[in-house]
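> The following comprises the amino acid sequence and a computationally predicted model.
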Amino acid sequence: MTTAGATTTTEPVTRDRLLQAAAEVFAERGYEGAALADIARRAGFTTGAVYSRFRNKAELLLEVVRGALEAQQHAAVAATTGAVPFGELVAEFVSPDREALRALVVEAHVAARRDPAVGEVLRSFQAARLDTLAALVHDAQQAGEVEAALDPRTAATLFMAIPLGLLLLDAAGVDLPESTEWSQLATYTAAALAPRQENA
């Protein structure tokens, strides 16, 4: 009874340590150069601890970047529909504190082009995200926040492209506009997407 309770308690800690170690090793060596044995050793576990929680290295990489991708995509929708000031969300895309994580997101997409396992996992994840975002756009249309004539899936694709595009520009070292400029653009974008008012 006690042993089972201890296992349940330590499980999130073990997973978090593995994810942190994976983020460090992927950042240092890239996806192709990272070995699961090195990740397990960095976390203080055996390779068996990795395989008992993740199917393979591809799934581990996705789990490392999942939070960043989800936060950025939801942020793009919230900002573009006017639910949240976009200027406050630019930091999520380009903050220096998130540089390492952004680099891993780029690494995941590069690896997807070279490794079929990564490609399959990332493709499935992004397809599910696109469906979720399309549903959010549809909900915004139903709430009268977004023009009903717009195709939700096309709009969702744009919202996914915004943060990923910023990641690529950032990775290339391009100087990006300040948050005030983003706020102004978001105001006009939200107005353009809002339902059209019929003339009386």
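Received it, and whenever you're ready, just let me know what you need. Please read all numbers here as calculations on a predicted model, not as lab measurements.

> contacts and neighbour counts: CA atoms only from here.
Noted.

> what about the longest helix along the chain, distance to the chain center?
If you go by DSSP state H, the chain has its longest helix at helix 2-33. With C-alpha atoms, centre = their mean, to the nearest Å as the basis, helix 2-33 stands 19 Å off its chain's centre.

> again with stretch 40-57
For stretch 40-57, the distance to the chain centre is 23 Å (C-alpha atoms, centre = their mean).

> Check the separation of the first and last residues in it.
Using C-alpha to C-alpha, to the nearest Å, one end of stretch 40-57 lies 11 Å from the other.

> Return the set of buried residues in that stretch.
Neighbour-count burial for stretch 40-57, counted by 16 or more other C-alpha atoms under 10 Å, picks out 40, 42-43, 45, 50, 54, 57.

> same deal with stretch 162-175?
For stretch 162-175, using 16+ other C-alpha under 10 Å, the buried residues are 163-164, 166-167, 170.

> Same question for residue 148, what's its three-state structure.
Look at residue 148: counting by DSSP: H, G, I helix; E, B strand; the rest coil, its state is coil.

> close enough to count as contact, it and residue 193?
No: taking contacts as C-alpha atoms under 8 Å, residue 148 lies outside contact range of residue 193: 9.2 Å.

> what is the rounded mean pLDDT of stretch 60-68?
Stretch 60-68 shows a mean pLDDT of 85.

> cool, and stretch 137-152?
The model assigns stretch 137-152 a mean pLDDT of 89.

> With adjacent residues omitted, what lies nearest to residue 147?
residue 195 (3.9 Å; C-alpha to C-alpha, 6 or more residues apart in numbering).

> right, and the helix or strand after the worst-scoring helix or strand of the chain on mean pLDDT?
In the chain, no helix or strand scores lower on mean pLDDT, DSSP states H and E than helix 86-94, which sits at a mean of 56. Note on helix 86-94: by DSSP states H and E, the next helix or strand toward the C-terminus is helix 99-114.

> how much space between residue 122 and residue 129?
In terms of C-alpha to C-alpha, residue 122 sits 10 Å off from residue 129.

> Spell out which residues make up each domain of the chain.
Following automatic domain parsing, one gets these domains for the chain: 1-54, 56-193.

> Can you say which of those is packed in most?
domain 56-193 (a mean of 17; mean count of other C-alpha atoms under 10 Å).

> Phi first, then psi, for the closest residue in space to residue 142 that isn't next to it in sequence.
Of all residues not flanking residue 142 in the chain, residue 148 sits nearest, at 7.6 Å (C-alpha to C-alpha, 6+ apart). Phi and psi for residue 148, reported as degrees, to the nearest 10, are phi -70, psi -20.

> what sits against residue 148?
Neighbouring residues of residue 148 by C-alpha atoms under 8 Å, 6 or more residues apart in numbering: 141-142, 195.
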